[in-house]
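Undergrad: Sequence first, then the predicted structure, then my questions.
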Amino acid sequence: MFHSEESKQQLNPLLPGYSFNLYLVAGTTPIIENGPLDFTIDRPHGMKGYIINMTVRGEGRIFDGTDAFDCKPGDILLFSPDTPHYYGRAPGSPDWYHRWVYFRPRGYWANWLKWPNQTRGVGRLRLPDPTLVTEFDELFQQIDRTHRGARRTSEELAINLLERLLIRAFEETPENLPTPLDPRIQATCQFIAKNLAEDVSLDDIARHVCLSPSRLAHLFREQMGMNILRWREDQRITLAKQLLLSTRTPVSTVAGKVGYDDQLYFSRVFRKRVGVSPSGFRKASEEARHPYGELHLHSQGEHIQAMVAGEDARR
Ligand code: FCB
């Protein structure tokens with residue numbers, strides 16, 4: 001392998017010196033022990049764009065010294081821009097095949113590019129089962145094939161597939177999964193929702209889910225990010241809004257149906273939460289649904305008449 005000026009011009013992205021001056025470049029690097037590609041990929045200043053790669057055969061070694069780690073089939077790595085690249089076939093493995101995509105991201109991808117398990121700017125995701133490995137492997141290949149296709153939109157389509165790959169990687173990252181709700185908190189929410197109009201106390205709820213009131217209060221806040229009474233108030237106001245929108249039930253009855261005996265108190269809470277009184281909310285939503293209601297038409301008519309009159313006067 002030579003690294004002269006001449007090699008800087010070369011057009012094979014698998015060899016040193018390729019410029020990567022594009023928005024997307026994709027490929028597969030088949031490294032075999034003592035083969036022509038069996039060297040360390042060494043880019044001390046990293047690259048301008050990101051690299052995502054996936055091992056499909058054998059093992060690779062990333063970095064050296066204490067930061068070194070190996071990757072095996074089903075491991076996906078994301079190199080951030082300007083992160084040093086230093087990797088190759090793992091010593092002891094007869095080969096290392098990896099698929100990769102170099103890309104300059106779209107602005108709105110930022111959220112999918114923050115990978116939680118990082119070593120020196122390299123994020124890691126290990127796919128847990130063979131079905132997923134096949135799915136991602138196919139995506140990598142599709143990106144490459146699509147990008148090489150002779151369509152006018154080949155690059156856009158390849159970027160589109162890459163976006164899918166990043167979103168799927170985001171979904172498959174365990175840290176990004178929403179933590180499932182504790183079953184006792186689920187039961188609490190169901191119990192409250194079923195008894196919205198009743199005046200159940202924290203003690204009643206706690207008894208229902210077999211927790212002490214203080215343990216329940218603590219766990220609820222931890223999982224739901226707010227206290228129980230606040231959560232119930234939210235549910236009550238949401239239901240009240242639905243009733244005001246979809247029925248002609250008087251406000252006092254709505255108040256009772258969502259658990260407030262005192263209409264004045266209900267209106268106060270409603271206004272605090274929604275910004276308008278219950279009747280104001282009903283009126284505003286009716287007007288929004290019938291923007292050309294009678295009143296409005298009437299004033300429009302007057303406006304038109306005035307315009308016509310004005311024109312007449314000018315003639
Ligand atoms: C190739 C490497 C591959 C990746 C791309 C950008 O030469 O084999 O791992 O770094 O460049």
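TA: Yes, it's here.

Undergrad: In a strand, Thr28, correct?
TA: Yes. According to DSSP: H, G, I helix; E, B strand; the rest coil, Thr28 belongs to a strand.

Undergrad: List the buried residues in the helix or strand encompassing Ala217.
TA: Taking DSSP states H and E as the definition, Ala217 sits inside helix 213-224. Neighbour-count burial for helix 213-224 flags Leu216, Ala217, Leu219, Phe220, Gln223, Met224 (criterion: 16 or more other C-beta atoms under 10 Å). To be clear about C-beta, it is placed using only N, CA and C from the backbone, and glycine gets the same treatment.

Undergrad: Contacts for it, please.
TA: 179, 181-182, 184-185, 188-189, 202-203, 205-206, 209, 211, 227-228, 231 (C-beta atoms under 8 Å, 6 or more residues apart in numbering).

Undergrad: Same list (the buried residues of helix 213-224) but as CSV, adding pLDDT and distance to the ligand.
TA: Output for the buried residues of helix 213-224, formatted as CSV (pLDDT from 0 to 100; distance: C-beta to the nearest ligand atom, whole Å):
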residue, pLDDT, distance to the ligand
Leu216, 96, 53
Ala217, 95, 53
Leu219, 93, 47
Phe220, 92, 48
Gln223, 84, 42
Met224, 82, 44
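
Undergrad: Tell me the residues of the chain that contact the ligand?
TA: Those residues of the chain that sit near the ligand, judged by C-beta under 6 Å from any ligand atom, are Pro13, Leu14, Thr29, Ile41, Ile51, Asn53, His98, Trp100, Tyr102.

Undergrad: Repeat the analysis, applying 8 Å as the threshold.
TA: Proximity of the chain to the ligand, by C-beta under 8 Å from any ligand atom, involves residues 13-16, 18, 20, 25, 27, 29, 31, 37, 41, 43, 47, 51, 53, 79, 85, 87, 98, 100, 102.

Undergrad: which among those end up buried?
TA: Among these, those classed as buried by 16+ other C-beta under 10 Å are 13, 18, 25, 27, 29, 31, 37, 41, 43, 47, 51, 53, 79, 85, 87, 98, 100, 102.
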